[in-house]
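**Student:** Using only what follows, build the 3D model:
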Amino acid sequence: MNRLVKSKRVPVHGVLLLDKPEGLSSTQALSVAKRLLNAEKAGHTGTLDPFATGLLPLCFGEATKFAQDLLNADKTYVATVHLGVTTTTADTEGDITETKTVAVTREQIEKVLQQFRGAITQIPPMHSALKRDGKPLYEYAREGVVLEREAREIVIYELELLEFASPDVKIRVRCSKGTYIRVLGEDIGHALGCGAHLTALRRTSVGTLDLLQSISLPSFTALTDVARMQSLLPVDALLADLPELRLTEELAQRFMHGQRIPGVVCVGVQSTDETTVLVRVYRAVDAALLGVALLDVRGVLSPQRLVSVSAI
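**Tutor:** The predicted model follows:
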């Protein structure tokens, strides 16, 4: 009997900016991309709900070491909030819990949006991947168990009303990490006195990465193997908002051995800025990324995460 022999996974290093389609979980989308690239190691930088679409940065190989930096980045979304109907999940995937008449004006919506700009507190939803005693909250929710959740501070940097065609409100949100747009939509509906849930959610940016740079899954699938590899951004695309530091060959060798380096000056970083600053570090001779490090006020550079020598 002939058996299908799986091709051996290969080292792939880089970042794929995927425009995730509706209906796929972030893990499912990652699995498809990993298979198409035949990559050894992969991970994503924060999940998008299955009903949501938009920018999903996927990391391969050495890029997975820096995924956490993107998890902490600000994000931008465009969402449609449907007024008058609340659901168990605050989006289209839940069951309807209440229906109310919608009688609000654009002026009322604009006024309500003002109270959600800036630093606010938000209670994470039960239908989320946050864990309690090692178990995701959504598993408790499926069992009908509602647990007390602590409110968390988030920041809504921008909240813009794009369209209003009752009962639908289209908004653009730029927010800090940890923000649940489902909860924001639900809270806006509550403040308007009619309730609400999200019917559409699209992520348009993560940090410095933009949806305009992304590729759809069907388009990525249609590419040749070579073209797929060429569509990946370099590993340091995840670190574009960090100050850049270049080391001589001698210092680069010490850095790659995990040694702390004194007397380092980074252009654009003032010693009075912060106690320590995270910087991206390159080898000067060939501009190869070496990793990220903390630079303190004394000018001491401490390696944090290093790129594998084989990937340089």
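
**Student:** From R254, how far out is T87?
**Tutor:** Applying CB to CB, to the nearest Å, the value for T87 to R254 is 57 Å. Backbone N, C-alpha and C define where each C-beta goes, glycine included.

**Student:** So which of those two has more stuff around it?
**Tutor:** Counted by other CB atoms under 10 Å, T87 and R254 do not tie: T87 has more neighbours, with 22 against 15.

**Student:** Look up the residues forming beta bridges with the more buried one.
**Tutor:** I96 (DSSP bridges).

**Student:** close enough to count as contact, it and H197?
**Tutor:** Yes - between T87 and H197 a contact is recorded at 4.6 Å, counting by CB atoms under 8 Å.

**Student:** who touches both of these two?
**Tutor:** Common neighbours of T87 and H197 are listed as G94 (criterion: CB atoms under 8 Å, 6 or more residues apart in numbering).

**Student:** how about the helices in the stretch 151-300 of the chain?
**Tutor:** 181-192, 217-222, 225-230, 249-256 (DSSP state H, counting those that start in this stretch).

**Student:** Tell me which other helices or strands the second one touches.
**Tutor:** With contacts taken as 3 or more CB pairs under 8 Å, 6 or more residues apart in numbering; DSSP states H and E, helix 217-222 sits against strand 14-20, helix 26-37.

**Student:** I'd like those as TSV, with mean pLDDT, mean neighbour count and distance to I181 appended.
**Tutor:** Below are these laid out as TSV (pLDDT from 0 to 100; neighbours: other CB atoms under 10 Å; distance: least, CB to CB, whole Å):
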stretch	mean pLDDT	mean neighbour count	distance to I181
strand 14-20	97	24	15
helix 26-37	95	17	15
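
**Student:** residue nearest the centroid of this structure?
**Tutor:** Nearest residue to the geometric centre of the chain (CA atoms, centre = their mean): G46, 4.4 Å.

**Student:** what about that one, which SS state?
**Tutor:** Here G46 is recorded as coil under DSSP: H, G, I helix; E, B strand; the rest coil.

**Student:** Could you chop this protein up by domain?
**Tutor:** 14-72+208-237, 75-206, 242-311 (automatic domain parsing).

**Student:** So for K8, which of those sits nearest?
**Tutor:** Shortest distance between K8 and those, using CB to CB, is found for domain 14-72+208-237: 8.0 Å.

**Student:** Could you give the bridge partners of L17?
**Tutor:** P57.

**Student:** Roughly how far does it sit from L56?
**Tutor:** 8 Å.

**Student:** quick one: common contacting residues for these two?
**Tutor:** Both L17 and L56 lack any common contact, where contact means CB under 8 Å, 6+ apart.

**Student:** Any regions of the stretch 1-150 of the chain where pLDDT drops low?
**Tutor:** The model of the stretch 1-150 of the chain has pLDDT under 70 over residues 1-7, 128-129, 141, 143, 145.

**Student:** what about 90?
**Tutor:** 1-11, 43-51, 67-73, 93-94, 123-150 (pLDDT under 90).

**Student:** Count the residues that sit near Y157.
**Tutor:** When neighbours are counted by other CB under 10 Å, Y157 comes out with 14.

**Student:** pLDDT wise, what is it at?
**Tutor:** Predicted confidence (pLDDT) for Y157: 98.

**Student:** what about the strands in the stretch 1-150 of the chain?
**Tutor:** 14-20, 42-44, 53-60, 75-83, 85-87, 96-99, 118-122, 131-132, 135-136 (DSSP state E, counting those that start in this stretch).

**Student:** Cool, thanks, talk later.
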